[in-house]
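S.K.: I'll drop the sequence and a predicted model, then ask my questions.
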Amino acid sequence: MMYRLFTLVIILVCLSCKKDKPIKPDPEKPIQITPQGGVFILNEGNYQWGNASIDFYNNADSSYSTNVFKTANDRPLGDVFQSMEIIGSKAYLVVNNSGKIEVVNLSDFKSLASINGLTSPRYIKAVSETKAYVTDYASNVISVLDLTNNTVIKTIPCRGFTEELIFSSGKVFVTNLKSEYLYVFNPITDLLTDSIKTGYASNSIRKDKNGKLWILCSGENTGGIPGSIHRVNPETNLVEYSVHFPNANQNPFKLRINSEGDMLYFLNNGICRASINNIELDTQPFIVQNNLNFYGLGVEPKTGIIYIADAIDYVQKGKIMRYSKEGNLINSFNAGIIPGDFYFLE
């Protein structure tokens, strides 16, 4: 009897210590889209090296396909992969230093078109079924795309380093890293209609469960300008709430939000989080960075799993870490060079 009890205890201990199956990248495996979804890992690559890439982690079987664009098209993606957006059945891959957007079929990542002639594109957002806006850090304009033929049909003047943008309440709200204003555009007339004073260097924007917009500003440490977070009502264009970081040495970036729309996450010498009902900026990070180089952040809508990208030294291949929403490490795996962002496929 004692022997059986001892054996049972050993089995239970072993089961409790069991870890997730290691994730092994497969450079030859084509992308497979399943109902369970997955996550795209956006690897910027080294500036002027032309080694940007995109990987895909499949939730269905935990498989990990690397360099899926090159595998599907037998050519490299380009130089500095900045962002991605899915519009309908297509994926739009914004390649910053190549001055282009690659349009691919989402199901197999086969190339459909290349939108060229852009200066330094950053982010793309559909503002209607046939039109999208593209921000840019060097051209002082927002480019307007015709999605039916994948061409630039006009530009809208907007000085500065335009960054993330969001479509809400029939308007387009655009952040700007070289300004203290959030810019508002009419997507029908393509005209600037308002500028909302928030904080300096707005870099990311998200919508909460109440339909309010949250804007994260990184500030500027050389100018002694602290970072800040602001809540804007998209119906009235009014700032309803603002809070500033304790000192100018904190330069937060990459604001994210959970699927419930009530918890904000961002990078600031670690992973910080704050309830939309109680923003506290002087607490310790939720996930400590230690000696790692946190560069990318994402929160999976279906599971709440937190994805963190470690760029290491910006030369060698980076690393992806998956944490539970309680902040416990689940597993990790290698990525491409300078993993900078994630795009979740639901």
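M.R.: Happy to help now that I have it. Being a predicted model, the structure only gives us computed values, none of them experimental.

S.K.: and the closest residue to K70 other than its chain neighbours, how many residues sit next to it?
M.R.: Ranked by C-beta to C-beta, 6 or more residues apart in numbering and with sequence neighbours excluded, the top spatial neighbour of K70 is P76, at 5.6 Å. (Glycine included, C-beta is placed from N, CA and C.) Counted with other C-beta atoms under 10 Å, residues neighbouring P76 total 17.

S.K.: contacting residues for P76?
M.R.: Listed by C-beta atoms under 8 Å, 6 or more residues apart in numbering, the contact set of P76 reads G50, N51, A52, S53, F69, K70.

S.K.: who wins on neighbours among the residues you listed?
M.R.: Each of these was scored by neighbours using other C-beta under 10 Å; the highest score is A52's, at 30 neighbours.

S.K.: return the member of the contacts of P76 nearest to E220.
M.R.: For the contacts of P76, the residue nearest E220 by C-beta to C-beta is A52; the value is 27.9 Å.

S.K.: which residues touch the closest one?
M.R.: For A52, the contacting residues are N43, E44, G45, P76, L77, G78, D79, V80, F81, V95, G336, taking C-beta under 8 Å, 6+ apart as the criterion.

S.K.: next, format those residues as TSV and append pLDDT.
M.R.: Converted to TSV, the contacts of A52 look like this (pLDDT from 0 to 100):
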residue	pLDDT
N43	99
E44	98
G45	98
P76	97
L77	98
G78	98
D79	98
V80	98
F81	99
V95	99
G336	97
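
S.K.: would you list the buried entries among those residues?
M.R.: Of all the contacts of A52 considered here, the ones buried according to neighbour count by 16 or more other C-beta atoms under 10 Å are N43, E44, G45, P76, L77, G78, D79, V80, F81, V95, G336.

S.K.: grab the nearest non-local neighbour of the first one.
M.R.: With C-beta to C-beta, 6+ apart as the measure, G336 is the residue that lies nearest to N43, at 3.0 Å, once sequence neighbours are left out.

S.K.: which non-adjacent residue is nearest R231?
M.R.: Distances taken as C-beta to C-beta, 6+ apart put Y241 closest to R231, at 4.1 Å, once the chain neighbours are dropped.

S.K.: am I right that the one you found is in contact with H230?
M.R.: Yes: assessed by C-beta atoms under 8 Å, Y241 is found in contact with H230 at 6.8 Å.

S.K.: the two: who's more crowded?
M.R.: When neighbours are counted by other C-beta under 10 Å, H230 comes out ahead of the other of Y241 and H230, with 22 against 13.

S.K.: now that one: phi and psi?
M.R.: Backbone torsions for H230, taken as degrees, to the nearest 10, come to phi -130, psi 150.

S.K.: quick one: contacts for F40?
M.R.: Residues in contact with F40, defined by C-beta under 8 Å, 6+ apart, are I54, D55, F56, M84, F342, Y343, F344, L345.

S.K.: show me which of those is closest to I287.
M.R.: I287 lies nearest to F342 out of those, by C-beta to C-beta, at 15.3 Å.

S.K.: whatever helix or strand that closest one lives in packs against which elements?
M.R.: According to DSSP states H and E, F342 maps onto strand 339-345. Helices and strands touching strand 339-345, as assessed by 3 or more C-beta pairs under 8 Å, 6 or more residues apart in numbering; DSSP states H and E, comprise strand 38-43, strand 81-87, strand 294-299, strand 306-310, strand 317-323.

S.K.: ok, residues contacting the next helix or strand after the second one?
M.R.: Right, strand 81-87. For strand 81-87, the following helix or strand on the C-terminal side (DSSP H and E) is strand 90-95. Surrounding strand 90-95, the residues in contact under the criterion C-beta under 8 Å, 6+ apart are 52, 54, 69, 77-86, 101-106, 109, 112, 121-124, 132, 134.
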